[in-house]
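Engineer: turn this into a structure:
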Amino acid sequence: MSAAIRSFLAEMAAAFAAENRPEAAETAEILEGASFTARCSLAEQDSQAIRALLFASPHPCAAPMAAAHGALPWGVNPVARMVRPEHDDIYAVCDLMGPDSPVRSDHLRAGLYYQRPNRRYALHSHAAEETYVIIAGSALWTAGDSRKLLGPGDAVHHSTYMPHACQTGPDGVIALWRWNGDIGTDSYRIHDGHDAFAA
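Structural biologist: Here you go, the predicted structure:
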């Protein structure tokens, strides 16, 4: 495994460890000891946009993520079979940890998330508890009744089945994500017809 991947996994682990939840600490511990080989399968346009966002970010995870970008399994989405084809234009996922991921875990999932500029990821929910840590860019985030603009260093936690949504501006957003609890993907739902940004 390359030094770039080791450095990135260490920073990713540190970001989750700062969450102060037992499942986050366990995720961090697994990441610190992880080893894998993979490659990026994103379109060059997305890769360039991700690198540009990371280079502009002050977050300690940003530079190591940029250095490791080509060796990360971008393009693998654990909920792909639950998502309509038109939603593929909204975001890209890098699935690092989980039952069928490069870093194996039967009870935890973790990875990276990139939402393209000026896109809305509709209100959705799932059984797993979830945390996002923003690494670069920004997004208007809805989580339950809360709505706020999140940027580098901010984190948001979604409890089981909490409806959540996100709207990017001209830069898009890059985040770490993790799941715990019921990490199966069958519970994933897009809530069509619901306006996540209603007053």
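Engineer: can you give me the helices in the chain?
Structural biologist: 3-17, 22-32, 44-55, 62-68 (DSSP state H).
Engineer: can I get these in JSON lines including mean neighbour count?
Structural biologist: From N, CA and C alone the C-beta is placed, and that goes for glycine too. What follows is the helices of the chain, written out as JSON lines (neighbours: other CB atoms under 10 Å):
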{"stretch": "helix 3-17", "mean neighbour count": "20"}
{"stretch": "helix 22-32", "mean neighbour count": "18"}
{"stretch": "helix 44-55", "mean neighbour count": "16"}
{"stretch": "helix 62-68", "mean neighbour count": "21"}
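Engineer: out of the ones you listed, which is closest to Glu130?
Structural biologist: Smallest distance to Glu130 across the helices of the chain (CB to CB): 10.6 Å, for helix 22-32.
Engineer: who touches the closest one?
Structural biologist: The contact list for helix 22-32 (CB atoms under 8 Å, 6 or more residues apart in numbering) reads 9-10, 12-14, 16-17, 19, 96-97, 103, 105, 108, 110, 129, 131, 178, 180-181.
Engineer: between it and helix 3-17, how many degrees?
Structural biologist: With axes from the mean of the first three to the mean of the last three CA atoms, to 10 degrees defining the directions, helix 22-32 sits at 170 degrees from helix 3-17.
Engineer: burial count for the residue nearest to Gly75 when sequence neighbours are not counted?
Structural biologist: Closest residue in space to Gly75, ignoring its immediate chain neighbours: Ser41 at 3.8 Å, by CB to CB, 6 or more residues apart in numbering. Ser41 has 13 neighbouring residues, counting by other CB atoms under 10 Å.
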